[in-house]
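Enquirer: predicted model and sequence follow; I will ask about them next.
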Amino acid sequence: MRLISTDHKTIGINLGVLSLFYFLLGGLFALLMRSQLAEPNNQLLSNGTYDELFTMHGSTMIFLFVTPMALALALYLIPLQIGARTLSAPRAALCGFWLWVCGGLVMQSGWFTASGPGQDGWTSYTPLSTGSYTPGVGQDLWVLGVLLAILGMILIAICIAVTVARRRAPGMTMMRLPVFSWTALVSVLMVIGAFPMMVLVMALLYVDRLGAHIFTGFAGAVDYEDLFWFFGHPVVYVMFFPYLGAAAEAIAVGAHKRWFGYTAFVASMLAFSVLSMSVWGHHMFVTGGVTNQYFAFTSTLLLVPAGIEYFDLVGTLVGGSIVPRCAFLFGITFFIQFLIGGLSGIFLASPVLDYNAYGSYIVVAHFHYTLFAGSIFGFFAGVYHWFPKLTGRLLREGLGRVHLGLLIVGTNLTFLPMFFLGSDGMARRIARYPTHPGWAGLNQLETAGAGLIALAVAVFLLNVVVSLRRPRLAGPDPWLGHTLEWATSSPPPALNFTEPLPPIRSYAPLLDLREAADAAAAADPSDPVPVP
Amino acid sequence: MPVPTAIVDTRHVYDWVFGIYVPIGIGVFGFFTVTIIVVTVRFRRRDGRRHRLAGHNEANRLELAYAVVLLCIAAVLLDVTFRAEHLVDTASARERPALTVDVIASRWEWTFRYAGHGITHVSGAVGDAPLVVPVDEPVRFNLTSRDVIHGFWIPQLAFKRDAMPGTVERVTLDFDRTGSFSGACSEYCGIFHSEMVFGVRVLPDRRFDRWLARHGAGPV
């Protein structure tokens, strides 16, 4: 019954748990790749196997983990945060979930074909991915799998957007939407704006592979890149915003202070999303097929909304009463680590710098600092923050700190050397590299780092198992939360709220209640608690 | 860093822009990292003190002023970038090069054809005859691909350009020092992508002329 439930929480948890499984699978692919790259001219894996691994690593992480996990968080949390009892059009969301499940299975089923799974990278550029150069059913399954997964995610995104439009509780105006809900809403709007393009691209590619030869010659190659990146760049922001929102909620709650600069934050999110729909050509600086200055201009401007978020972060911390629990610490680390990804993105937005960095390990370092060192830390901030809400049980703080420490060391050990390897001329997507001074050592560091990341994830899984086996009950609101999901039981009942909702006068209604009580206590001289 | 004004090689332009972007980036990273850590430690909950009641939650004027500062930083970076791009574009569009080499990429080899001299070198999965060029002379490359997209990358020059099927991309590049360097394909092109590498030998003018005379069939 769980699998056909139309409860947004159940669909969200199903989507999230399956996504997490794909995180482990994609991580396994990464460990195999890092083993191959541990030595120069290593013969552990064949070229073909390595190509399949990097293709399926990227595809699994992007289409089956980071993006759907962002939607899973939104599915579970947005109705609760806006005080809705149900999701709009839940059957459509359920259908979307199953389309996505089918997409994942179809994509991974390529492993069981003679030709192997997809092997042209998650970008699957033409003409390489056309039938002439990549024959075989595995690549067909990849194309169809991506198409189905994307279709499913579009359906889910529409349901979430409609829910925000139609089901907000009385008093929950758009400018009182919690911070996470805003970030997730912006993401689902970008899904609706950009993902249909990917459906089109995959459909065209499939028809091309059937023998229609759509993407031919120079125009075909450049057109594919244009169409693909019109989806492919917005998707990286879909994979970023909700995790930013999760980190922001965890930090604000940990600081016992509402998120600072709400209006500017919302404005910057909107500017961010609009700009990020107009930067796709920066992936094509070296093709000679786009106007580089235009895309350099829009891409560099992204530093303005990004800068606002850091301002708001510091504003939130100043004057707070910070209790650095795991969720808070993961949130802070998210912001610090992501900074490396964001700043290297401004670097790559300069065509002249990109002429060297494109296609090299500099780019690999950059997007892993945004997606892994960024989004994954934000994801874990969200996990430590909302796990008690989902399960009614607290995760262990001690194991959480071990998890965090290992993850920080492992992440930087894995991805920092990539900047230097790329600067020194190491191309990405190569199955083996020659003996070149310095390369072996840096690659060994990265492989060791990948092992530490695996260990960190193992500690996290252990934490989940221990916390479920020997539960410490969380109660409805273990952190003194700010938003409405903390005004109901953990886990919430079928229709989310049994009690009447508190009055909603801001984006932190529960904090409003506590502050009003504090103010009343301060006004009462019989209260001994000093208020500075 | 002085602004390079004359036509220079791509590595110079790259180093100039790099020297501006990277210190700013490291500075910003250091500033925010230190600020976040200091503020977190400073505002840790201490015993007997409750949090400050609803104080300043917004500072929209300050945010606006800050956004203007950010815009100015973006403007400075873009100014540098546009000037650099102009230099590279101008240099790479130069006519009357000292030498023209046709670069034909195909899975998984590079064919360097010295049109008019009867020399053809092949590098990659099946050969290792390098690209040979003179130092400090503009060399025109006509890039194309016989099959999929490849990337013509010479890290020493900090420059690459895609070799695309169905078109010929023209770039004129300068090699400012003699020696042996490596080049690679920067666009994933299939199973032997990692073997699609080539050597670059940059020779002094005289030696290059001798090499051309010795290996070539002479002007055709």
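Expert: Looks like it came in fine. Numbering: from 1, shown residues only, chains lettered A, B, ... in the order given.

Enquirer: can you list the weak-confidence ranges in chain B?
Expert: Residues of chain B meeting the criterion pLDDT under 70: B:1-7, B:47-56, B:218-220.

Enquirer: would you list every one of the strands in chain B?
Expert: Secondary structure of chain B (DSSP state E): strands at B:99-106, B:109-114, B:119-124, B:131-134, B:139-145, B:150-154, B:159-163, B:169-173, B:179-185, B:197-203.

Enquirer: need the contact partners of the fifth one.
Expert: What it means is strand B:139-145. Identification of contacts with strand B:139-145 by Cβ atoms under 8 Å, 6 or more residues apart in numbering or on different chains yields B:94, B:97-106, B:133, B:152, B:161-165, B:167-175. To be clear about C-beta, it is placed using only N, CA and C from the backbone, and glycine gets the same treatment.

Enquirer: domain map for chain B?
Expert: Domains of chain B are assigned by automatic domain parsing as B:10-46+B:56-92, B:99-215.

Enquirer: sorry, back to before: pick the most buried one from the strands of chain B.
Expert: strand B:150-154 (a mean of 28; mean count of other Cβ atoms under 10 Å in any protein chain shown).

Enquirer: so which of the domains of chain B comes closest to residue A:442?
Expert: Evaluated over those, closeness to residue A:442 peaks at domain B:99-215, with 15.2 Å, by Cβ to Cβ.

Enquirer: state the number of residues packed around residue A:212.
Expert: 13 (other Cβ atoms under 10 Å in any protein chain shown).

Enquirer: how close does it sit to residue A:129?
Expert: Distance of residue A:212 to residue A:129, given as Cβ to Cβ, to the nearest Å: 14 Å.

Enquirer: quick one: average confidence on stretch A:442-462?
Expert: In this model, stretch A:442-462 has a mean pLDDT of 98.

Enquirer: buried ones in it?
Expert: Buried residues in stretch A:442-462, counted by 16 or more other Cβ atoms under 10 Å in any protein chain shown: A:442-443, A:445-447, A:449-457, A:459-460.

Enquirer: how far off centre is the helix or strand harbouring residue A:77?
Expert: Using DSSP states H and E, residue A:77 sits in helix A:67-81. Put simply, helix A:67-81 sits 12 Å off its chain's centre (Cα atoms, centre = their mean, to the nearest Å).

Enquirer: show me what the helix or strand following it is packed up against.
Expert: Counting by DSSP H and E, the element after helix A:67-81 in chain order, helix or strand, is helix A:90-109. Applying 3 or more Cβ pairs under 8 Å, 6 or more residues apart in numbering or on different chains; DSSP states H and E, one finds that helix A:90-109 contacts helix A:8-36, helix A:47-61, helix A:137-166.

Enquirer: before we move on, back to that, just the CA trace of the helix holding residue A:77, in CSV.
Expert: Only the C-alpha atoms of helix A:67-81 are listed here, as CSV (Å, rounded to 0.1, in the frame of the first residue of the first chain):
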residue,chain,number,x,y,z
THR,A,67,17.6,16.1,-8.4
PRO,A,68,14.9,13.6,-7.2
MET,A,69,16.2,14.0,-3.6
ALA,A,70,15.6,17.7,-3.9
LEU,A,71,12.1,17.0,-5.1
ALA,A,72,11.6,14.4,-2.3
LEU,A,73,12.4,17.0,0.3
ALA,A,74,10.0,19.5,-1.4
LEU,A,75,7.3,16.8,-1.6
TYR,A,76,7.6,15.9,2.1
LEU,A,77,8.2,19.4,3.5
ILE,A,78,6.4,22.0,1.5
PRO,A,79,2.8,21.0,2.3
LEU,A,80,3.8,20.8,6.0
GLN,A,81,5.6,24.1,5.9
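
Enquirer: same for that helix, what does it pack against?
Expert: Helices and strands touching helix A:67-81, as assessed by 3+ Cβ pairs under 8 Å, 6+ apart, comprise helix A:8-36, helix A:137-166, helix A:179-207, helix A:217-238, helix A:241-254, helix A:377-391.

Enquirer: which positions within it qualify as buried?
Expert: Neighbour-count burial for helix A:67-81, counted by 16+ other Cβ under 10 Å, picks out A:67-81.

Enquirer: intersect the contacts of strand B:139-145 with the contacts of chain A.
Expert: For chain A, the contacts drawn from those by Cβ under 8 Å from any Cβ of the partner chain are B:161-162, B:164-165, B:167, B:169.

Enquirer: how about the residues you listed, which pair is most distant?
Expert: So, those by Cβ to Cβ: farthest apart are B:161 and B:165, at 14.1 Å.

Enquirer: give the contact list for residue A:381.
Expert: A:243, A:246-247, A:250-251, A:327-328, A:330-331, A:334.

Enquirer: again with residue A:229
Expert: By Cβ under 8 Å, 6+ apart, the contact list for residue A:229 reads A:280-281, A:283-284.

Enquirer: out of these, who has the most neighbours?
Expert: residue A:280 (24 neighbours).

Enquirer: show me what contacts that one?
Expert: Contacts for residue A:280 (Cβ under 8 Å, 6+ apart) come out as A:226, A:229-230, A:232-234, A:295.

Enquirer: ranking the residues you listed by neighbours, who comes first?
Expert: Counting neighbours by other Cβ under 10 Å, residue A:234 leads these with 25 neighbours.

Enquirer: which residues touch that one?
Expert: Taking Cβ under 8 Å, 6+ apart as the contact definition, residue A:234 lies against A:190, A:193-194, A:273, A:276-277, A:280.

Enquirer: neighbours of the closest residue to it other than its chain neighbours, how many?
Expert: Closest residue in space to residue A:234, ignoring its immediate chain neighbours: residue A:194 at 3.7 Å, by Cβ to Cβ, 6 or more residues apart in numbering or on different chains. Residues lying near residue A:194 (other Cβ under 10 Å) number 24.

Enquirer: next secondary structure after the helix or strand where residue A:409 lies?
Expert: In this assignment (DSSP H and E), residue A:409 forms part of helix A:397-423. Later in the chain than helix A:397-423, the nearest helix or strand by DSSP H and E is helix A:439-469.

Enquirer: gap between that next one and the chain center?
Expert: Relative to the centre of its chain, helix A:439-469 is centred 19 Å away, using Cα atoms, centre = their mean.

Enquirer: in PDB, list the C-alpha atoms belonging to stretch A:511-521.
Expert: The C-alpha coordinates for stretch A:511-521 follow below in PDB (Å, rounded to 0.1, in the frame of the first residue of the first chain):
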ATOM      1  CA  LEU A 511       9.400  31.500  16.600                       C
ATOM      2  CA  ASP A 512       6.800  34.400  16.700                       C
ATOM      3  CA  LEU A 513       4.900  32.500  19.400                       C
ATOM      4  CA  ARG A 514       8.000  31.900  21.500                       C
ATOM      5  CA  GLU A 515       9.200  35.500  21.100                       C
ATOM      6  CA  ALA A 516       5.800  36.800  22.100                       C
ATOM      7  CA  ALA A 517       6.000  34.600  25.200                       C
ATOM      8  CA  ASP A 518       9.500  35.800  25.900                       C
ATOM      9  CA  ALA A 519       8.400  39.400  25.600                       C
ATOM     10  CA  ALA A 520       5.600  38.800  28.000                       C
ATOM     11  CA  ALA A 521       7.900  37.100  30.500                       C
END
